[in-house]
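In: pasting the sequence and the predicted model now:
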Amino acid sequence: MAKPAVVLIGADKGGVGKTTVARTLLDYLSNHQVQARAFDTETPRGTLKRFHPEITRVVDINYVPDQMQIFDTVHSTEAAVTVIDVRAGLLSSTLQALRDIGFIDAAKRGQITFVVLHILGPSIASLDEIAETAAYLGDAKYLMVKNFINNTHFFEWDEATYAAYFKRVPDAVEITVPKLVEMATEQVELASVPFATFVANKKQGGEGASYSFVLRGYVRHWLDQVWREYQRIGLLGFLEPRTAVRAAIMRPRAVLEAAEAT
Amino acid sequence: MSSRPARRGSPAPLYIVCSLLRGVGKTLLARLLIELHLIDGRDVAAFDLADEGPQLADYLSGIVTIADIGDPRGEMALFDRILAGNGAVTVIDLPHRALRSFFAITQKIGFFQEARRGGIEPLILFIVGQDPTSAKVYALLRRWLTAASLLPVRNKSEVRAQAAAATGDASMDGLDIAPLDFALRAQIDQLSFSFRALWQGDATYLAAAVEDDLLDWTGHAFVQLGKLERFLGSEGAPLGAAAARSSALVHRRRARRAAHWRRGPPEVAIDRSGNAIIAMLEQAGSRIAAAQVRIGELMTEVESTHERAIRAEAWLHLLESEIVDRLVVPPQGS
């Protein structure tokens, strides 16, 4: 039986695009036929649940019964990947709680694949959180996500500051999520559907929609860029290795078929 | 005007007329395309992205929509509308300034692929200009835009394009628009000129010989443009009938003139170039006269303002004297 994977997505403050990144990940997994489930800790009303209602449950990460619902079922669930959208500001405390219940040790022992997506904001306070988070990571795969929701540079123009923060965790991997045109973002918000569903011009129930082709085109282009980042770092490979192998075998055929079609 | 969509089973053409330079006949080509299809009774949607005049919309207001792709809202107004076109022929007049951003957007959102899925066949008509960069850009577009057809156009009716045609890549198969002499060009450049009116015999203000020559030139251009729909895979070509009609019209008019000459003394030969020049001079004269009137008005205004300034200065002097007398110089006896 394949090793289950748990992905924690968090940020030190709200408004950095944490749930947006979680949505792109769920779309990526769905696109690769990887069964996933999600837990939205923005209790009582979860944002993530609005976009992926069928696979998302709203929980209180500080409530023991909800903790049991998540972590006691990691091995028994049919979903290969469990995605947890951590409420803003609670990433470090959640990691601490996971350490206290032995989850980090289980990951260290190889019983679980544990990935942390840390969504960074363009502030020193946000970058300071990197070191704080790193202290609880154990053997978790640590992904620092630079989400360009505005025109920030994440201090790339200041080499010393950039190196001081982004090189702090030796095995950390950086992911860049480019900015999506604001109108397209808003249209998807209004539609309340996953990004991939919006691109396919469908509503939540699967029936046809009439979204703007231009905005769908922008979302498609942006989602492609985000997925290429996931592909570049081999995310599928450590979340669901069997699917990654199958995807690698199928990739040349897909490229050839696309070439023949043009 | 009767209208009909694309021929059943044929894709609806989307023509994008563009060039790297100004003044190479892009708008003229767009006008020909639009009016040709209107003559044929087709639905036409036209968009003008130009930002300096005279623009396509100036010639064909009521048919042409001015578009601006500077923001997503403008992009949606253009591209979403084209995709919902219901089989209409679409013509886009794309200025050199918007060339890069236009094609960058179409590539990003996959516009040409979506257009083809919806039965719209995009064809980019790239007018080769004098600048040697034109050939390089053409080659670049050819490699980059795999989802749209691309055709070079040599517009010999423009002086700049004539030079380019002489130096350009003769191996490029494309369209050739015939040279146009000065007098005929002056007629076509009038904002009031209509190829449709010419074709339907409604351009009665034209001298017969001028009309004949314009019909010949237009017929030749229409035959060239008629190749486009065969290039796009449409069944039949609307311009075969149009060109034949042109020949028939010209022959009928020549026959009528010949009959008139046989009946009585020939008309005095009219120097058509001279007429065109006279028309232009008269137009220029009217504009100069209007400018002179305006200058006169402005001079009157200046004089009036000058007089007011003189009066104001006099008042100021008076006030100054009063102030000095009453406030500065002590009153007698104090």
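Out: Looks like it came in fine.

In: for the chain, which segments count as helices?
Out: All of this is about chain A. Using DSSP state H, the helices assigned to chain A run over residues A:18-31, A:47-51, A:64-71, A:91-100, A:103-108, A:124-134, A:159-166, A:182-191, A:195-199, A:213-232, A:235-239, A:241-261.

In: actually, chain B is the one I wanted.
Out: So, for chain B - with DSSP H - the helices run B:26-39, B:56-59, B:72-75, B:81-83, B:99-109, B:111-117, B:133-144, B:159-167, B:182-188, B:195-199, B:208-231, B:238-263, B:272-323.

In: which positions in the stretch 51-200 of chain A make contact with chain B?
Out: A:181, A:182, A:183, A:184 (C-beta under 8 Å from any C-beta of the partner chain). Quick note: C-beta positions are derived from backbone N, CA and C, even for glycine.

In: what about 10 Å?
Out: Residues of the stretch 51-200 of chain A that fall close to chain B, judged by C-beta under 10 Å from any C-beta of the partner chain: A:181, A:182, A:183, A:184, A:187.

In: can you say which of the helices of chain B is packed in most?
Out: Across these, averaging neighbours per residue (mean count of other C-beta atoms under 10 Å in any protein chain shown) puts helix B:26-39 on top, at a mean of 24.

In: check what pLDDT whichever residue of chain B sits closest to chain A gets.
Out: Residue nearest to chain A within chain B: residue B:109 (2.4 Å; C-beta to the nearest C-beta). Listed pLDDT for residue B:109 reads 96.

In: residues contacting it?
Out: A:184, A:212-221, B:75, B:79 (C-beta atoms under 10 Å, 6 or more residues apart in numbering or on different chains).

In: cutoff 7 Å now
Out: A:214, A:217, A:218, A:221 (C-beta atoms under 7 Å, 6 or more residues apart in numbering or on different chains).

In: cool, residue A:177 as well?
Out: Contacts of residue A:177 by C-beta under 7 Å, 6+ apart are A:17, A:21, A:145, A:146, A:147, A:148, A:226.

In: who is it paired with across the strands?
Out: residue A:147 (DSSP bridges).

In: and it, how far from chain B?
Out: According to C-beta to the nearest C-beta, to the nearest Å, residue A:177 stands 17 Å off from chain B.

In: quick one: low-confidence ranges for the chain?
Out: Just going to use chain A. A:1-2, A:124-126, A:131, A:150-152, A:157, A:163-166, A:168, A:243-262 (pLDDT under 70).

In: that's the wrong chain, I wanted chain B
Out: Along chain B, the parts satisfying pLDDT under 70 run over B:1-9, B:52-54, B:129-130, B:157-173, B:231, B:233-276, B:279, B:283, B:329-334.

In: which parts of the stretch 51-200 of chain B sit against chain A?
Out: Selection of the stretch 51-200 of chain B residues close to chain A by C-beta under 7 Å from any C-beta of the partner chain yields B:72, B:75, B:76, B:79, B:80, B:83, B:108, B:109, B:110, B:111, B:114, B:146.

In: can you rerun that using 10 Å?
Out: So the stretch 51-200 of chain B meets chain A at B:69, B:71-80, B:82-84, B:105-111, B:113-115, B:118, B:146-147 (C-beta under 10 Å from any C-beta).

In: and of the contacts of residue B:109, the nearest to chain B?
Out: Distances from chain B to the contacts of residue B:109, taken by C-beta to the nearest C-beta, are shortest for residue A:217, at 2.4 Å.

In: burial count for that closest one?
Out: By the measure other C-beta atoms under 10 Å in any protein chain shown, the count of residues near residue A:217 is 24.

In: make JSON lines from the helices of chain B and add distance to residue A:115 to it.
Out: As requested, the helices of chain B are exported to JSON lines (distance: least, C-beta to C-beta, whole Å):
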{"stretch": "helix B:26-39", "distance to residue A:115": "54"}
{"stretch": "helix B:56-59", "distance to residue A:115": "55"}
{"stretch": "helix B:72-75", "distance to residue A:115": "34"}
{"stretch": "helix B:81-83", "distance to residue A:115": "40"}
{"stretch": "helix B:99-109", "distance to residue A:115": "30"}
{"stretch": "helix B:111-117", "distance to residue A:115": "35"}
{"stretch": "helix B:133-144", "distance to residue A:115": "38"}
{"stretch": "helix B:159-167", "distance to residue A:115": "58"}
{"stretch": "helix B:182-188", "distance to residue A:115": "67"}
{"stretch": "helix B:195-199", "distance to residue A:115": "66"}
{"stretch": "helix B:208-231", "distance to residue A:115": "53"}
{"stretch": "helix B:238-263", "distance to residue A:115": "61"}
{"stretch": "helix B:272-323", "distance to residue A:115": "74"}
